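Visitor: Everything below, folded, please.
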Amino acid sequence: MKNLVRLALMLVMFSHQSLVAQEKTTLIVEFENIQNTSGTLYIGVFEKEDFLKRPISGKRIDVKNTTHSIQFKDLDYGVYAVSVFQDLNGNGTLDRNSNGMPSEPWAMSGAANPFAPPYWEDVKFTFDEKNKIIKLKI
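Guide: The predicted structure is shown next:
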């Protein structure tokens, strides 16, 4: 009888963990004080393994105002980083000057050093709530 009770408890625990792991969230990225109201914002949500190589989700929006908001729905709980750049000339890439510094506006979650390449540890955030808002200034 004890074994049946233990088995039942284990099944309940595993099914609860499975349901919690499947719960989805919404990440809301808000952009404030956009200086140039033209071009396109390219926004990527990254995991550590493919940081700045391949986003797990990406979107783009045309810039029409000094503020914008975009939602990434159905993300799993986890650790992520958000990267955005404003493509002013329509070539679909973040342009750089001769010394490799970005020549178009960009931003990242966390505390990226604007004068150095971004490091995962500086820009990551824990996504552990149903709806999370990240505010970025371009």
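Visitor: Show me what residue 71 is bridged to.
Guide: Judged by DSSP bridges, the bridge partners of residue 71 are residue 28.
Visitor: since we're on it, how many residues are nearby?
Guide: 11 (other CB atoms under 10 Å). C-betas here are computed from N, CA, C, even on glycine.
Visitor: Verify the stated contact: it with residue 27.
Guide: Yes. Contact between residue 71 and residue 27 holds when scored by CB atoms under 8 Å: they sit 7.0 Å apart.
Visitor: Tell me the secondary structure of the nearest residue to residue 73 once chain neighbours are set aside, please.
Guide: For residue 73, ignoring the flanking residues on the chain, the nearest one in space by CB to CB, 6 or more residues apart in numbering is residue 26 at 5.0 Å. Using DSSP: H, G, I helix; E, B strand; the rest coil, the structure places residue 26 in strand.
Visitor: OK, contacts around residue 26?
Guide: By CB atoms under 8 Å, 6 or more residues apart in numbering, the contact set of residue 26 is 71, 72, 73, 74, 75, 130, 131, 132.
Visitor: Right, I'll call it a day here.
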